[in-house]
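Visitor: using only what follows, build the 3D model:
(4 chains)
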Protein chains: 2
Amino acid sequence: MTPTSEILTAERILEATEEVLRRHGPAKATVVDVARALGVSHGSVYRHFRTKAALREAVTKRWLDRTSEALSGIAAEGRDPEARLRGWLAALFEAKRRKAGDDPELFATYTVLTGENGTAVGEHLADLTAQLTRIIRSGVDTGVFTADDPEATARAVFQATGRFHDPGYAREWGLPGVEEEFAAVVELLVRGLRA
Amino acid sequence: MTPTSEILTAERILEATEEVLRRHGPAKATVVDVARALGVSHGSVYRHFRTKAALREAVTKRWLDRTSEALSGIAAEGRDPEARLRGWLAALFEAKRRKAGDDPELFATYTVLTGENGTAVGEHLADLTAQLTRIIRSGVDTGVFTADDPEATARAVFQATGRFHDPGYAREWGLPGVEEEFAAVVELLVRGLRA
DNA sequence: TGAATGACAGATATTGAAATCTGTCATTCG
DNA sequence: CGAATGACAGATTTCAATATCTGTCATTCA
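Guide: Residues are numbered from 1 along each chain as shown, chains lettered A, B, ... in the order given. This next block holds a predicted model:
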């Protein structure tokens, strides 16, 4: 597939790993498979990633970062804070729902990977709540929201909407009525935030 | 253990099943084990429960019903609705947390069982949200809460607090700071409910 | 007569030997 | 010289044979 003649970089290895994971799934994807896909010996892969776990973590981080980037635009928008908050939460839900719906197997694969990886996931969640904190803080600044501790409040909002972004609930995102349930939770939270 | 001479009832079988599950775990607990524990043939167990799945479902239902009963008292109390709501949510969290903390293996066993069993779990959740609906409706009636559709609002409150009662989050219930996070979520929801 | 048994067929789980994988490193290659 | 290799030890996974389990039912028991 990709020419063997190119220089072997961490990036190319990550790409190949993603492909191997897509084909074989998380349980059967081996470092040897990745090396085979690249046409190199598995020893070469170990020059770039110390362990199989490190390789998996790097792929996971890449994947999580893509979600974070897509959302950071919304968090920074100039609209009023309430609309931004609603938009951000809806975008998060929509993004997750689409990923889970479009390619359930790949989504399941990454759900397993994130489950393995405390660190990368922790950083991702910290990143997302930081975005939420920015939105809430700007609401407090403009007087439309009330919150003693915007960071703690952001965590609360994030956790309260967990059902609509935590991969553990993915199978329920296609059920009829989720839209309404999401709207009801968001409504309750927004009302609780208002000054 | 229990005298073999007694009449074999569904209740005695359920008790023995619980004991076998506690000892062997969900993966290795067999109908033959249950029969052995009772000193009868496994054919006798099949007289009371058509399948192994039905037996497991019955044990699960029993376990879930115990939680529901403990909470129904709080839902019916005469206190003001806001205090009742706070008390009910705190009691739910506390009950789950205690179960998970006291006997993690048994809790894990029942988490697996509830995962197998859509029906019993669905009924349990319906029961709990019905209790919540009662509390919220009485708040709406006395004018302290606002909710267009108390039942939908109750579901929203239940889902928003999922992190503090869904078994999937059990390993996070012992972490430092959960109390504060729980308090922050409840605070936000109660504020959102106020008229 | 109705509850309990145990033998049975097919499905599922366990086991242990063989194959594969992970991670290292002395050696080769360009 | 730095990048890549492939042989290696120990850990993990696969696979097929064996054992156990599930669910049924004709028979026994009290």
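Visitor: just the strands from chain A, written as ranges.
Guide: Using DSSP state E, no strands are found in chain A.
Visitor: that one - how does it break down into domains?
Guide: Under the assignment automatic domain parsing, the domains of chain A span A:10-50, A:59-193.
Visitor: what about A:Arg50, how many residues nearby?
Guide: Applying other CB atoms under 10 Å in any protein chain shown, we find 9 residues neighbouring A:Arg50. All C-beta atoms are positioned from the backbone trio N, CA, C, and that covers glycine.
Visitor: any idea how far DNA strand C is from it?
Guide: A:Arg50 is 6 Å from DNA strand C, where distance means CB to the nearest atom of the strand, to the nearest Å.
Visitor: can you count the residues close to A:Thr114?
Guide: 17.
Visitor: could you check the pLDDT of it?
Guide: As predicted, A:Thr114 sits at a pLDDT of 96.
Visitor: hmm, it is touching A:Pro167, no?
Guide: Yes. Here A:Thr114 reaches A:Pro167: they are 6.8 Å apart, a contact under CB atoms under 8 Å.
Visitor: okay, and the common contacts of those two?
Guide: Residues touching both A:Thr114 and A:Pro167 (CB atoms under 8 Å, 6 or more residues apart in numbering or on different chains): none.
Visitor: if I pick the most centrally placed residue in chain A, what's in contact with it?
Guide: For chain A, the residue nearest the mean C-alpha position is A:Leu64 (3.9 Å; CA atoms, centre = their mean). A:Leu64 is in contact with A:Thr114, A:Ala120, A:Val121, A:Glu123, A:His124, counting by CB under 8 Å, 6+ apart.
Visitor: residues of chain A that sit close to DNA strand C?
Guide: Within chain A, the positions near DNA strand C by CB under 7 Å from any atom of the strand are A:Thr30, A:Val31, A:Val32, A:Asp33, A:His42, A:Gly43, A:Tyr46, A:Arg50, A:Thr51, A:Lys52, A:Ala53.
Visitor: cutoff 10 Å now
Guide: A:24, A:28-36, A:41-47, A:49-56 (CB under 10 Å from any atom of the strand).
Visitor: let's see which of those residues end up in helices.
Guide: Per DSSP state H, helices hold the following members of these: A:24, A:31-36, A:42-47, A:52-56.
Visitor: which of those residues come close to DNA strand D?
Guide: A:His24, A:Val32, A:Ala35, A:His42, A:Gly43, A:Ser44, A:Val45, A:Tyr46, A:Arg47.
Visitor: so the fourth one makes contact with A:Val31?
Guide: To tie it back to what came earlier, the one meant is A:His42. Yes. A:His42 is in contact with A:Val31 according to CB under 8 Å; the separation is 5.2 Å.
Visitor: no further questions, thank you.
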